[in-house]
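Visitor: Got a sequence here, can you model it:
(4 chains, ligands or ions: 4)
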Amino acid sequence: MSKHMANLIPLKALITHVKTETRNVKTYYVKLPNGVEPPKPGQFNMLYVHGVGEVPISVSDLDEKSRVVAHTVRFVGSVTKTFELIREGDVIGFRGPYGIGWPMDAIVGKDIVLIAGGIGLPPLRPVIREVARNRSAYGKLIILYGTRTVEDLLFTYEYDYYKSIPNTEFYVTVDKPSESWRSNVGVVTNLIKHVNIDPSKSYAFVCGPEMMMKSAAQELLEKGFKMNKIYLSLERRMKCGVGLCGHCQMGPYFVCKHGPVFPLWFISKYFWVDQI
Amino acid sequence: MKKLKVAIYKFSSCGGCQLQFLNLEDELLDLTSLVDFALFYEARRFVDLGPYDVAFVEGSISTPHEVEIIKKVREESKIVVAIGACATSGGIQALRNWANIEEYKQYVYPRPEWIEVLKYVEPPSKYINVDYEIRGCPINKEQLLSFILQLLKGKIPTLLIDSVCLECKRKGNVCILVVRGVPCLGPITMGGCGALCPSYGRSCYGCYGPMKDPKPEALNARFKELGVKLNEIKLLLRQFTNWSKEFRKVIEEYE
Amino acid sequence: MSKVIKVDYLARVEGEGSLFIELDDGSISRVELGIFEAPRFFEAFLRSRKYYEVPDITARICGICPIAYIMSSSRALEKILDIEVPEEIERLRRILYLGEWIKSHTLHILMLHAPDFLGYESVLSMAKDYSEIVKRGMKLKQWGNQVIRVIGGRSEHPISCRIGGFYRIIRREELLPLLGELSYVKEYARQLLEWVLKLPIPDIKMKAEFVSLRGEGEYPILKGRVVSSEGLNISEDEFEDNLVVEQTRYSTSLRYKLKGKGCYIVGPLARYNNNYDLLDPEVRSVIESHGYGAPLYNSFQSIIARAAEVYHSVLELEELISSYREPQQPYVKGVVKRGIGAAITEAPRGMLYHRYEINDEGYVVNANIIPPTSQNLASIEQDLLALSSKLVTLNPIDAQRLAEQIVRNYDPCISCSTHFLKIKYINKCSYV
Amino acid sequence: MSLTGLYVGKADSLRTLFSELKRLGYVVIGYRVVDGVLRLGELNSFDEFAQDVEDVQSPGRYLLVNGSFYRHGPDSPKRFLYPPNLTLFMVSNDWIVSIPEYEKHNFAFFGLKPCDLASIKVLDKILLGVDEYYTSLRRSLVLIVENCISPGGTCFCSTMNTGPRARDSFDLAYTKLNDRLVLEAGSELGLKLLNLLEVEPIDDATYERFRTVMRNASEKARSGFELNGLPEGLELHIESKIYKEVAEKCLGCANCNMVCPTCFCFDILDVPLINGSAKRVRVWDGCLNFTYGQVAGGHFRPDLWARYRHFVLHKFAYWIKQFGTYGCVGCGRCITWCPTGIDLRETVKKILMGG
Ligand SMILES: Cc1cc2nc3c(=O)[nH]c(=O)nc-3n(C[C@H](O)[C@H](O)[C@H](O)COP(=O)(O)OP(=O)(O)OC[C@H]3O[C@@H](n4cnc5c(N)ncnc54)[C@H](O)[C@@H]3O)c2cc1C
Ligand code: SF4
Ligand code: SF4
Ligand code: SF4
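Guide: Ligands and ions are numbered 1, 2, ... in the order given. The predicted model follows:
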């Protein structure tokens, strides 16, 4: 069997655990099927629900030893809504890992600013984990995270841990605060201005809705970041994950195989163009 | 799996859409183990009172009495699915919306004064919030089955919303518009029928209603270039889904 | 003592109706067959449509027998346009129409009517005890639908028919696969007839005038003279002149009677009685071997006529399909000119009359449609009245069931009738 | 590449060729007249092969008349090699995945035009060795190509460098010169086939005629724009207002995508079945469809002009970067089969002129 056909056939994978995050987000812990290589931060897998459909979902955590990956899924559409019914012990279809992830080699010894909006945090979480694990290998870590409401904040139980990582700053903000909210208010990109970072020896990783990424990129450029130091994880419609179905094109790039993580300089010609 | 408790209602219509349930000859008996047809007057006397998981609603709303009932349907059903051209756009009987109803009553009935109807025939969505639409005059049973099976899987059911042309070409039909130069509504009509008409050598007459984001003005401009008279273009759009928002707009422009 | 049987939402008739029977001291004082069907004004909006649109539009009057509407309207208009369809097209129409008979009749027999005879609330519960016959009936119905689908594209509101014939030539190799299933379909049709002949049928004689087309050498569907058991014999063009139309206050639905005579019955039983000699001999021999024959005056026996017509249709289709020749042209063109044309064809539930007047540009200026159910309505109420003495002796549940069964004897296709109206809204299935 | 150079043979050599392919067990696919158009389909006998017809093509119109020379119809080899509907797999209710057994065919395309040959070359770059279905058919594919002596009203193969004469990748190519054929073989199999025919090396006079005919043909199949600098030119005018102008006429019906011999995008349909199993089906999709760029809670190209722009830029600019070739072969199908007759050639010209 040749590559492509083989790749559109899902492998069976076991759900080892399901964790509720928010009212419409859950994290699914999936045992990697035999022969599948462990994904790298920023990569994604295609998850198939029996008879329902298949969706691209980023890796939000990985335990190499037990070969369990985490996928944090927000229930938004026809396929993702059925994830609500998935329970521990269920079987799911699995293909992956796909795509090019975050440039972990490039950031060794550098300061890093992670900017996440909404469901954009899960793909960045493995980066945080890696930095924490090899803390001395990297410079300062700044995490900026924003969601629409307080209820949408993900992984709140980990925030103390993020803050406890040495040489790390963690800021959250929400667009529409609740009454008891005591932290930042407004869109996450507003925070960029205020962080203390030297663009010449730093990298910025951004993940979130396209509009948010556009303004994040704008802010970072204004702050003095060069385009080759800004990395974005793009999102498009995807049906195959291997650069064949065509849907994920952004200009000449197939987001699934040339990305989803792109350095800004690489896509800058198209990134700003309306409805490209 | 919990059985879906289903109610099937009929308003102003021909009954052809709900008949598609009974047309699922191969599947009907299996389906009854997944679906509980709690209210289905076309098929059974027994009625299991609501609330229902899903109400399939056929037909348009054309009398004051129907307005009452459709509101009740909404109240007692978790999901309301409009089936067919009548329930999604008013159907053929909405043609009376373009005329004087009093004159119509006199034409058809010896005692017109006994006739009590609303001024306009409307789809249920005019009065209540409708969750899903299955298009067609009538709907096709494959789509119906697929819809139900998707629901049973907990999925937000998806059906085709792009053009009939898409299905026409996939199927390998010859384009009637291009080859014969006669008007075809395929390019602005929602797929789902499997490009039935072009497969039988006739142009699409739009019984699935407007597709997502249709461009009727652009198509009409082409019809005019092909020599089709304005009145005939009007008649074309003014068929089974004449009261749909998108078609109505253009027809009104031509009035 | 006065009691009222109200059956709201008369189930298992296509379309929806309600029945209101008032019993006063042992006899029925009032019968109202009310129909929730909202008026749809077909005749009114047909005016100002082009003649070629009429078959597709009128098909939407009824989802159970659209082909009948297509055929009656096409034939009426073809008369105006001076179109004589060639033999091959006529045959193909007959094939299509017989497909509709099979589908409509099996639907009615098994899914709607038989549960009455055997005391089930629906086919869904009947299927538990009679799974074999139900399954076979479904196959039969499916085959009928398949006949329609092959020729018409879909089984409801087929899309291939047009004035003068069909939009494209239906090829022989498209039809022939239908014969592949024929051996079991024939078997099932015979079994269905035998099963129906063995049903417990209430033994009641009712006097009625049975009106139908009379076939010319073959069982009537697409044309024929209008005849009756009481000696009526007229052409379809004279039919309308022989009718009176009524709209009554209590039910406000249009109903038709024969001028100077009163109510009459159309439908399978009428066809059967008037054309018994034209049924396939094989069908007659099955009927006769069960001690039945013709005429049958008991409207409960309409189920027999239906089953007989199903078996007959299957047998005739075998012959028609195997001898099918493709026409030279898919359709015949006519001359558009001013004129009036009327036609009757035999819908599954009885004679369906259409009359149109068009102008020089081919726009419809007048239309009249008389569906079978409006013609039977008066007879249904009369039957109910006639059985009143029996109804009152029954317990409420059984009385309701019997009353419904009487209505269903006529297979009333309520959406068929462009003239049925709601009369009263009464609460759910209550027995007062 | 031509292995042989040009030879001359009799017109009825085609019949011999046809029988030989049949004898070798190939399913021979060529243009036949069906319902007033040329359709690609299996030819059971040589007489079914379209001979005395000509297709008159113009933007949005297609007409078949008597004549001696045809181009093509709505079908392209894509329909056979990359079918519009393909079940990828079935999965039972207890999660057993099965892949359908695809029928193995040995296809021989007979009388294919150079643009369609070129389209196979384009598909090769995308699918060969990647898509199993395509690859298995492609490996045994035989290509008999008819050069175009008279390109049609929507053809622009000269511009795209794909015709009107096929230069390589065929097994056998022939050109009709009145009652004779000019033939050349492009593969071992082509050589064998040529060997069966009565041919002789081309003489000077015939060669001159051949050259003139081909030169004239080539002149006819120009679009009015040049390939030189095309991708850069289009990207330079990525914000061109022409896209919006064209979108006024565009219906978003995706007929252009469907008839294009190289459009390869697909959608996947999930079909749950009553017995609890399910299948996944691959179907043709196209960038003009509304749903193409739709995502949960949003849309990347909600406006038609943006979808149309993607089509143009993909064909003439992105494709080069993705696959090292243009995505357009100049067959003109998208122009002919566009219900409103939008002319891709005009669009490109206008954009390049800075509109
Ligand atoms: C590289 C990548 C990583 C992602 N990571 C995550 C993640 O970690 N967590 C998470 O919750 N979501 C993630 N998404 C988004 C997620 O894939 C979509 O929310 C999901 O596909 C929506 O599918 P649906 O069927 O529920 O929605 P519908 O709107 O019903 O979509 C129907 C189909 O369209 C396609 N589609 C629709 N929206 C998208 C989309 N945004 N992206 C890709 N395909 C789409 C899918 O094939 C889907 O099945 C990611 C998307 C991409 C491209
Ligand atoms: S949509 Fe058409 S088929 Fe369905 S009920 Fe209405 S008229 Fe009948
Ligand atoms: S025949 Fe009609 S539906 Fe089919 S492609 Fe042509 S325009 Fe579209
Ligand atoms: S883009 Fe148009 S001209 Fe080019 S190959 Fe596709 S269909 Fe042919």
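
Visitor: can you tell me the residue of chain A closest to ligand 4?
Guide: With C-beta to the nearest ligand atom as the measure, residue A:246 is the residue of chain A nearest to ligand 4, at 14.0 Å. Any C-beta I mention is one placed from the backbone N, CA and C, and that applies to glycine too.

Visitor: so what's the closest residue to that residue other than its chain neighbours up against?
Guide: In space, residue A:246 comes closest to residue D:265 once its chain neighbours are excluded; the distance is 3.2 Å by C-beta to C-beta, 6 or more residues apart in numbering or on different chains. Counting by C-beta atoms under 8 Å, 6 or more residues apart in numbering or on different chains, residue D:265 touches A:245, A:246, A:247, D:257, D:284, D:285, D:286, D:287, D:292.

Visitor: would you turn those residues into a markdown table with secondary structure, neighbour count and distance to ligand 2?
Guide: A markdown table is the format used below for the contacts of residue D:265 (DSSP: H, G, I helix; E, B strand; the rest coil; neighbours: other C-beta atoms under 10 Å in any protein chain shown; distance: C-beta to the nearest ligand atom, whole Å):
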| residue | secondary structure | neighbour count | distance to ligand 2 |
| --- | --- | --- | --- |
| A:245 | coil | 23 | 34 |
| A:246 | coil | 24 | 35 |
| A:247 | coil | 24 | 33 |
| D:257 | helix | 24 | 30 |
| D:284 | strand | 24 | 29 |
| D:285 | coil | 25 | 28 |
| D:286 | coil | 27 | 29 |
| D:287 | coil | 25 | 32 |
| D:292 | helix | 25 | 29 |
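
Visitor: In the helix or strand containing residue A:113, which residues are buried?
Guide: Residue A:113 belongs to strand A:111-117 when elements are defined using DSSP states H and E. Neighbour-count burial for strand A:111-117 flags A:111, A:112, A:113, A:114, A:115, A:116, A:117 (criterion: 16 or more other C-beta atoms under 10 Å in any protein chain shown).

Visitor: likewise stretch B:46-57?
Guide: For stretch B:46-57, by 16+ other C-beta under 10 Å, it's B:46, B:47, B:50, B:52, B:53, B:54, B:55, B:56, B:57.

Visitor: Hmm, which of those residues is lowest in pLDDT?
Guide: The member of the buried residues of stretch B:46-57 with the lowest pLDDT is residue B:46, at 77.

Visitor: Helix, strand, or coil at whichever residue of chain A sits closest to chain B?
Guide: Closest contact between chain A and chain B, by C-beta to the nearest C-beta, is at residue A:78 (4.0 Å). Of the three states, residue A:78 takes coil under DSSP: H, G, I helix; E, B strand; the rest coil.

Visitor: which residues does it contact?
Guide: Counting by C-beta under 8 Å, 6+ apart, residue A:78 has contacts A:52, A:53, B:150, B:155, B:156, B:157, B:158.

Visitor: Now intersect those residues with the helices, please.
Guide: Under the assignment DSSP state H, these contribute residue B:150 to helices.

Visitor: from the contacts of residue A:78, which two are the most distant?
Guide: Spatial extent of the contacts of residue A:78 (C-beta to C-beta) is set by the pair A:53 and B:157 at 11.3 Å.

Visitor: which of these two has more neighbours?
Guide: Neighbours were counted for residue A:53 and for residue B:157 using other C-beta atoms under 10 Å in any protein chain shown; residue A:53 has more, 24 against 19.

Visitor: Ignoring the adjacent residues along the chain, who's closest to that one?
Guide: residue A:79 (3.9 Å).

Visitor: Touching, residue B:188 and residue B:217? I think so.
Guide: No: using C-beta atoms under 8 Å, residue B:188 is not in contact with residue B:217, being 9.6 Å away.
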